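Asks: with the input below, show me the fold.
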Amino acid sequence: MIIYVASPLKAYPGGTFEENKQRALSYCRAVAQRGFFPIAPHGWLTSFLDDHDPTERSLGLHLGLSILPSVDQAWFFGEYLSDGMRQEIRRAAGLGIPMRWFKDGVIRGSLTDDATNELLAASLRVTDNGLDQNPVATLRQEIAASEGRAQG
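Replies: Here you go, the predicted model:
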C-alpha cells in the first residue's frame, strides 16, 4: 500500500524548517516500518526546490498534489494544519482517498468522521498564516464544494 505522508514543513511553534523536514522523514520511516511505501513530497522536493522561493514552492505543491491520485491513503501528522496540508486534504477528499490523522504518533481516526474532526478542531492552532477560528468547519465546506464541482 502506498501512503502519502503530509506534515507541516515551514517553521511553526514547535520546530524549524529543518527540524520539520527531519520529522517528515521520521514519519516516512515509521510508515515503512509498518510495511507500507511512504511518499512525502515535502521531504524530498525541498532537496532541490527552494521552499522559500514562491515560484519553486508553488511548483513543489503542484508536483506533490499530482502524486495523490497514485496513492492508496493519505496520512497527516502533527497537531497543526499548514496551508499546504489543507490543499492536500482538499485534493485527497476530492479524489476519495482515505485519510488518517496522527497526533503524537497515535492515529486519531479518519478526517471524514465527526469524532476525529472534533479532536482536530480542538487541537489546531490559529496562526498568522490564515487558519480561521473554526478550521474544521471551513475545511468541511471546502471539501463539500470541491466534491460538488467534481460531481457536477
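Asks: endpoints of stretch 34-41, how far apart?
Replies: Here the two ends of stretch 34-41 are set 19 Å apart, with distance taken as Cα to Cα, to the nearest Å.
Asks: hmm, who's touching it?
Replies: If you take Cβ atoms under 8 Å, 6 or more residues apart in numbering as the criterion, stretch 34-41 is touched by 1-7, 24-25, 27-29, 31-32, 60, 63-64, 67, 71. (Glycine included, C-beta is placed from N, CA and C.)
Asks: could you rerun that using 10 Å?
Replies: 1-7, 9, 21, 23-25, 27-32, 49, 60-68, 70-75, 77, 84, 88 (Cβ atoms under 10 Å, 6 or more residues apart in numbering).
Asks: could you list the buried residues of it?
Replies: Buried residues in stretch 34-41, counting neighbours by 16 or more other Cβ atoms under 10 Å, are found at 36, 38-41.
Asks: keep only those of the residues you listed that are in strands.
Replies: With strands taken from DSSP state E, the overlap with the buried residues of stretch 34-41 comprises 38-39.
Asks: need the buried residues of stretch 34-41 in TSV (columns: distance to Pro98).
Replies: Below are these laid out as TSV (distance: Cβ to Cβ, whole Å):
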residue	distance to Pro98
Phe36	13
Pro38	15
Ile39	15
Ala40	17
Pro41	18
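Asks: rewinding a little: filter the contacts of stretch 34-41 to the buried ones?
Replies: By 16+ other Cβ under 10 Å, these give 3-7, 9, 21, 23-24, 27-28, 30-31, 49, 60-61, 64-65, 68, 71, 73-75, 77, 84, 88 as buried.
Asks: contacts only, for Tyr66.
Replies: To be clear, residue 66 is Ser; Tyr isn't right here. So Ser66 contacts 41, 91 (Cβ under 10 Å, 6+ apart).
Asks: just to be sure, Tyr27 is in a helix?
Replies: Yes: assessed with DSSP: H, G, I helix; E, B strand; the rest coil, Tyr27 lies in a helix.
Asks: wait, it touches Ala6, no?
Replies: Yes: when contacts are counted by Cβ atoms under 10 Å, Tyr27 is listed as touching Ala6 (8.8 Å).
Asks: shared neighbours of these two, which are they?
Replies: By Cβ under 10 Å, 6+ apart, the residues touching both Tyr27 and Ala6 are 40, 43, 75-78.
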